[in-house]
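*Asks:* Here is a sequence with its predicted model. Questions after.
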Amino acid sequence: MATSTPPVKTPKTRTFSVLLIVLLALGVTATAAAAAYYLGSNHSDSPAVVKPEEPIFVALEPLTVNLLPNGRSRFLHVGVTLKIADAKSQGQIAQYLPEVRSRVLTVLSNREGDTLVTPEDKGKLASDIMAALNQPLTPSQPAQKISSVMFTTFMLQ
C-alpha cells in the first residue's frame, strides 16, 4: 500500500501566505473605506444646481391721474406691477394696499406730461415709485423689499 505524504511547508511558502492574507485584508479595508466615503458624501461631477427663487409679483389695479399742467390738461393711465423680494413684503403690501396705491398716485400726479415721454423718463418714474414704496408703511414696520417696478400699461393723453 502506498502512502502519500503531505506537502511540506517551507518558511518561504508561509511568508507568501501571510503576505497574501495581509494584502487581501488591506484591499478589503480600502474598498470598504472608499465605499463609505463615496456613499456618505455627495460626489457628483456636475456642480450643484441652485434652483432660483420664484419671483413674487403684485399687480396693482390700473391708475389714472391728472398730470401737472404745462399749458394744457393731460392725464396718465398706467398699470403697475411690483416685483417683491420676499413673502413678508408681499404680505405688508397686501395689508396696506390703500397706502401703497396712495403713494403711487402721489408720485405719478407730481409729474408733467412732457417728462414722461422717453424710456429714460419712464425708468426714472419707476425708480421714484420704488423709492416711495420701499419706505416703511408704518413707523413700527420694516421697509418693504421691492426689487423692481414694471409698467404693464402706459398711456399718456
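*Replies:* Nice, thanks for sending it over.
*Asks:* any idea how far the residue positioned nearest the centre of the chain is from residue 116?
*Replies:* Taking Cα atoms, centre = their mean, the centroid of the chain lies closest to residue 53, which sits 3.4 Å from it. Residue 53 sits 32 Å away from residue 116, going by Cβ to Cβ, to the nearest Å. From N, CA and C alone the C-beta is placed, and that goes for glycine too.
*Asks:* for the closest residue to residue 149 other than its chain neighbours, what are its contacts?
*Replies:* Of all residues beyond its chain neighbours, the one nearest residue 149 is residue 126 (4.2 Å), with distances taken as Cβ to Cβ, 6 or more residues apart in numbering. Residues near residue 126 by Cβ atoms under 8 Å, 6 or more residues apart in numbering: 148, 149, 150, 151.
*Asks:* So residue 126 lies in a strand, does it not?
*Replies:* No: using DSSP: H, G, I helix; E, B strand; the rest coil, the secondary structure at residue 126 is helix, not a strand.
*Asks:* Can you give me the pLDDT of it?
*Replies:* For residue 126, the pLDDT comes out at 95.
*Asks:* And the helices in this structure, which stretches?
*Replies:* 11-40, 87-95, 97-109, 119-133 (DSSP state H).
*Asks:* Switch those helices over to a markdown table, and while doing so, append distance to residue 49 to every line.
*Replies:* Formatted as a markdown table, the helices of the chain follow (distance: least, Cβ to Cβ, whole Å):
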| stretch | distance to residue 49 |
| --- | --- |
| helix 11-40 | 20 |
| helix 87-95 | 23 |
| helix 97-109 | 36 |
| helix 119-133 | 31 |
